[in-house]
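Colleague: Here is a sequence with its predicted model. Questions after.
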Amino acid sequence: MLLLLLTLRPATAACPATAQELRDELDVALEAYGAFDWDGFSAQLTEVDTSLTCLIERVPADTAADLHLVQALGAFMLRDEAQVQVAFRGALAAAPGFALSEELAPPGHPLRALYEQAAAVPPPIAPQPLGPGDWIVDGERGLTAISTERTTLVQRMDKDGEVETWYLRGGPVPEALLPPPPPPEPERRVRTPPSDRTQALLWSSLGAGVVTAGAVALAGGTRNRVEGGVVAADQYGSLRAANRVGLVAAPVAGAAAIGLGVGAALTWRW
C-alpha cells in the first residue's frame, strides 16, 4: 500500500488568504480524495472554506473550476446528489474545457453519472444581474450577471486591487451583490370628487352669478332706454323701477356668488 503524507494548513490559519494558498489547499484536497484519504480530504475542505471567507486576491479561472470540483466531491461524500450537480455545473461554466478525471470517477462510477447529468443542463436563460462594481466571476473580470443554478465564485475588486469574495452554492443571491432597488414612484394623488355640500355651494354660486349677470343687464338696458329719450310717458315709471331693481340686485347677487364660491372652495377635499 502506498502511504501518502499530506501537509494540511493549520485550522487556525490567519486571514487574509492569498490565491496561491487557496490553489495549494485545493491541490492537497484533490490528492487526498484520489488517495481515498477521506479524513484528510474533509479536513482540507474545511481549510478551503475558511480561505474563501478571507480571500483578498483575484482567483484565476482554472483555480475556480477546481474549487467547484472539490465542492462537488465534498457534496458527494455527504450523499447530496443535487448539490454535486450544482457544483459540477459551476466547474463546467468556469472552465469550458473542464472534464472529470477518470482517476476520480472511472466509467460507471455514480459520481461520473452525476457529472454527465450536470453537463447536459443548458445555461440559464435569465441570469441574475449584479449590482454596481468591478466584478470577477469565476476568474473572469467584467461580468455583470451570474447564474443561480450553479456554484459561483464571485469577487468584487476595489480601486486598490483587493477583493471581497463570496462563494455561492446556488439559490438566492446575497443582498450585497444585488442591484439597488429602484427609487419609489412618486405618490399619485387621486382627486376626490366634491361632496354633496360642495356641489350644492358650487351650483348656488353659479346660479347667483347668472342672477348677477341678469341684474346688470337689466340695469344697463333700462338706463339706456330712459337716457335715450324714446320712452313713452306711461312706461317711464316702470323702467325707473326696473332700473333700481337691477342696481340693487346686481351687487347683492354678485356678493352671494362670491361667498358661495369661496364656501365651495373651502369645503372641497383636495
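Modeller: Arrived safely, thanks for sending. Since we're looking at a predicted model, the values are computed, not measured.

Colleague: For L104, which three-state class applies?
Modeller: coil (DSSP: H, G, I helix; E, B strand; the rest coil).

Colleague: residue ranges of the strands in this protein, please?
Modeller: Ranges of strands in the chain, per DSSP state E, are 128-129, 134-137, 140-141, 145-146, 152-157, 163-168.

Colleague: Out of those strands, flag the one nearest A91.
Modeller: When these are compared by C-beta to C-beta, strand 152-157 sits nearest A91, at 10.6 Å. In short, each C-beta sits where N, CA and C put it, glycine included.

Colleague: if you average pLDDT over the closest one, what comes out?
Modeller: Mean pLDDT, strand 152-157: 94.

Colleague: a markdown table for the strands of the chain, including mean neighbour count?
Modeller: As requested, those are exported to a markdown table (neighbours: other C-beta atoms under 10 Å):
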| stretch | mean neighbour count |
| --- | --- |
| strand 128-129 | 14 |
| strand 134-137 | 20 |
| strand 140-141 | 12 |
| strand 145-146 | 18 |
| strand 152-157 | 22 |
| strand 163-168 | 19 |
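
Colleague: could the ones you listed be laid out in a markdown table, adding distance to E185?
Modeller: Shown next, in a markdown table, are those (distance: least, C-beta to C-beta, whole Å):
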| stretch | distance to E185 |
| --- | --- |
| strand 128-129 | 20 |
| strand 134-137 | 29 |
| strand 140-141 | 35 |
| strand 145-146 | 25 |
| strand 152-157 | 30 |
| strand 163-168 | 31 |
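
Colleague: Quick one, which of these gets closest to V252.
Modeller: Per C-beta to C-beta, nearest to V252 of these: strand 128-129, 70.5 Å.

Colleague: Neighbouring strands - and their directions - for the closest one?
Modeller: Strand 128-129 has the following strand partners under DSSP bridges: strand 145-146 (antiparallel).

Colleague: ok, now how distant is V59 from I258?
Modeller: Using C-beta to C-beta, to the nearest Å, V59 is found at 79 Å from I258.

Colleague: Many thanks, I have nothing further to ask.
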